[in-house]
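Colleague: need the 3D shape of this:
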Amino acid sequence: MEFMLQAITLWLVLQLLFTIWNLRQMPKLGSRLHSYGWEQQYDYSQQNSNTTTHHTYSGTAAGPADGLAASHGTELASTGKQRPLLSILIPVRDEEINIRECLESVLSCRTDSIELEILVMNDHSEDGTVSEVKKVMADDTRVHLYEGRPLPEGWMGKSYACHQLSQHAQGEWWLFVDADVRLGPEALEAAMITARSQQTGLISGFPRMETGTWLERLVVPMMAFVIGYHLPIMMVRRSPLPFYLAVTGAWLMIHRDSYVRCGGHKHIFNHIVEDMELAKAVKKAGDPVTLADVQRHTSARMYRNAAQVWEGYKKNIFAGTGRNPLLVLGITVLYTLLFIWPLLMLIYGLITMQTELIGWSAAAVLTGMLSKGIIDHHSGKPFWMGVLLPASALCLILILLDSWFAGIKGKGYSWKGRTCG
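Modeller: Next up, the predicted model:
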């Protein structure tokens, strides 16, 4: 037993070192990106000359993120170049409590070097979503509201809403944003600096997650934990392999040409985890995908209660494994051995007063908690939340198993009045 704990502790120490290094590989929104050679190369100057919509720059720049947007805006002003149009695309379904604040955060962003169009697709909402959007439209003509068409057979609701938005977008870059996301003042300027340096492809990042209820605190931060702990972040950008991917539809920016080349949402119309499938399609089309640190510029509260947390993760998590039962079993065993079993052994050692057992199990528990604390801190959460790792791992395992059972029994998943999967 002690030998197994020693092996687990050594593994956790190596994972801790990997985690510290891995988090440093994530580019920050507002930084400039470079090519790594595998992606297709396009004549960006030619793309700019063919852009369907440009606007004459007449503003001044001040106080941008990292000082980069200011130089970008000044350059545009001095050369007389035209400002690119950025399309903000927001699919909504029963988002009365979120959409107005989301729109106001977008409209409050500094846009010295870009023009905006904000397109909202109402996906058959049954609450006051439309009324809230119209209140914002009355004060700003850049906001446009569209009514969604009936959902075709086989389509996922969000994918169809995004597909319809793409048919109206006129911008060079499109930023898909969920209604529960809030943008900071420099978010759009920083996003365009990073996007235009990458020139094409897709950029995504996980907003800083706000949590309120106990299950939110236990489960929601595990998204960042899984990425920081397991995924070699540098390979998302550097490798053409779809295996190296992590994106979120909550904040997803894509060049319009890349969207067309990869087939867009029409190509992935029946996938539950549409954001990951879209990113895979972009890579397969030869365009780059970047996972960026956007937390300084964005925040979101995805769920409001325990039931929403459970159903939201249940809908996505089994599909996120590729519906692979062996992977589900592997994750269950791995997380049990790494994060739950050492705590049980620590409790057993304290009860039986076995000093060596206490020492090794405590080392394993604390090392795992330290890794999660570091990732939580990097994600804008308190460092102390690392102590929740055993409970968080248990909740994640239970949701994964529930999602698996629902999938193999053909029950499907319910979300916002629809059943999918």
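
Colleague: pull the helix or strand with minimum mean pLDDT from the protein.
Modeller: strand 54-56 (a mean of 38; mean pLDDT, DSSP states H and E).

Colleague: contacts for stretch 379-386 next, please.
Modeller: With Cβ atoms under 8 Å, 6 or more residues apart in numbering as the test, stretch 379-386 has contacts from 206, 208-209, 211, 217, 221, 224, 228, 295, 299, 369-374, 376-377. All C-beta atoms are positioned from the backbone trio N, CA, C, and that covers glycine.

Colleague: for the stretch 1-150 of the chain, which segments count as helices?
Modeller: Secondary structure of the stretch 1-150 of the chain by DSSP state H, counting those that start in this stretch: the helices cover 2-23, 44-49, 68-79, 99-107, 129-137.

Colleague: just want the angle from the fourth one to helix 129-137.
Modeller: In other words, helix 99-107. Relative orientation of helix 99-107 with respect to helix 129-137: 30 degrees, computed using axes from the mean of the first three to the mean of the last three Cα atoms, to 10 degrees.

Colleague: for helix 99-107, list every residue counted as buried.
Modeller: Within helix 99-107, the residues scored as buried using 16 or more other Cβ atoms under 10 Å are 99-100, 102-103, 105-107.

Colleague: got the contact list for residue 89?
Modeller: 119, 121, 162, 165-166, 169, 174-177.

Colleague: just put those in CSV and tack on secondary structure and pLDDT.
Modeller: Below are the contacts of residue 89 laid out as CSV (DSSP: H, G, I helix; E, B strand; the rest coil; pLDDT from 0 to 100):
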residue, secondary structure, pLDDT
119, strand, 98
121, strand, 98
162, helix, 98
165, helix, 98
166, helix, 97
169, coil, 98
174, strand, 98
175, strand, 98
176, strand, 98
177, strand, 98
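
Colleague: from these, pick the one nearest residue 391.
Modeller: Distance to residue 391 across the contacts of residue 89 (Cβ to Cβ) is lowest for residue 177, with 31.3 Å.

Colleague: who's in contact with the residue nearest to residue 144 when sequence neighbours are not counted?
Modeller: Spatial nearest neighbour of residue 144, chain neighbours left out: residue 119 (5.2 Å); criterion: Cβ to Cβ, 6 or more residues apart in numbering. Contacts for residue 119 (Cβ under 8 Å, 6+ apart) come out as 87-90, 144, 146, 165, 168-169.

Colleague: one more: residue 369?
Modeller: Going by Cβ under 8 Å, 6+ apart, residue 369 touches 386-387, 389.

Colleague: so this structure: which segments form each domain?
Modeller: What automatic domain parsing lists as the domains of the chain is 2-23+318-420, 44-304.

Colleague: which one of these lies nearest to residue 29?
Modeller: When the domains of the chain are compared for distance to residue 29 using Cβ to Cβ, the nearest one is domain 44-304, at 4.6 Å.

Colleague: would you mind stating the distance between the residue positioned nearest the centre of the chain and residue 113?
Modeller: Residue closest to the mean C-alpha point of the chain, counted by Cα atoms, centre = their mean, is residue 248 at 2.8 Å. Relative to residue 113, residue 248 is positioned 25 Å away (Cβ to Cβ, to the nearest Å).

Colleague: the stretch 201-350 of the chain: strands as residue ranges?
Modeller: Secondary structure of the stretch 201-350 of the chain (DSSP state E, counting those that start in this stretch): strands at 202-204, 208-209, 251-255, 289-291, 298-300.

Colleague: need those in JSON lines (columns: mean pLDDT).
Modeller: What follows is the strands of the stretch 201-350 of the chain, written out as JSON lines (pLDDT from 0 to 100):
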{"stretch": "strand 202-204", "mean pLDDT": "98"}
{"stretch": "strand 208-209", "mean pLDDT": "96"}
{"stretch": "strand 251-255", "mean pLDDT": "98"}
{"stretch": "strand 289-291", "mean pLDDT": "97"}
{"stretch": "strand 298-300", "mean pLDDT": "97"}
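
Colleague: take those strands and write them to TSV, including mean neighbour count.
Modeller: Shown next, in TSV, are the strands of the stretch 201-350 of the chain (neighbours: other Cβ atoms under 10 Å):
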stretch	mean neighbour count
strand 202-204	26
strand 208-209	20
strand 251-255	26
strand 289-291	25
strand 298-300	21
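
Colleague: go through the domains of the chain and pick out the most buried.
Modeller: Comparing the domains of the chain by mean neighbour count (mean count of other Cβ atoms under 10 Å), domain 44-304 ranks first with a mean of 19.

Colleague: mind checking how far it is from the chain centre?
Modeller: 10 Å (Cα atoms, centre = their mean, to the nearest Å).

Colleague: not counting sequence-adjacent ones, nearest residue to residue 31?
Modeller: Leaving aside its sequence neighbours, residue 31 sits nearest to residue 194 (Cβ to Cβ, 6+ apart; 6.2 Å).

Colleague: quick one: contacts for the one you found?
Modeller: Counting by Cβ under 8 Å, 6+ apart, the residues that residue 194 touches are 27, 29-33, 203, 290, 292.

Colleague: flag the least confident of the residues you listed.
Modeller: Within the contacts of residue 194, the minimum per-residue pLDDT falls on residue 33 (87).

Colleague: over to that one: give its phi and psi.
Modeller: phi -110, psi 160 (degrees, to the nearest 10).
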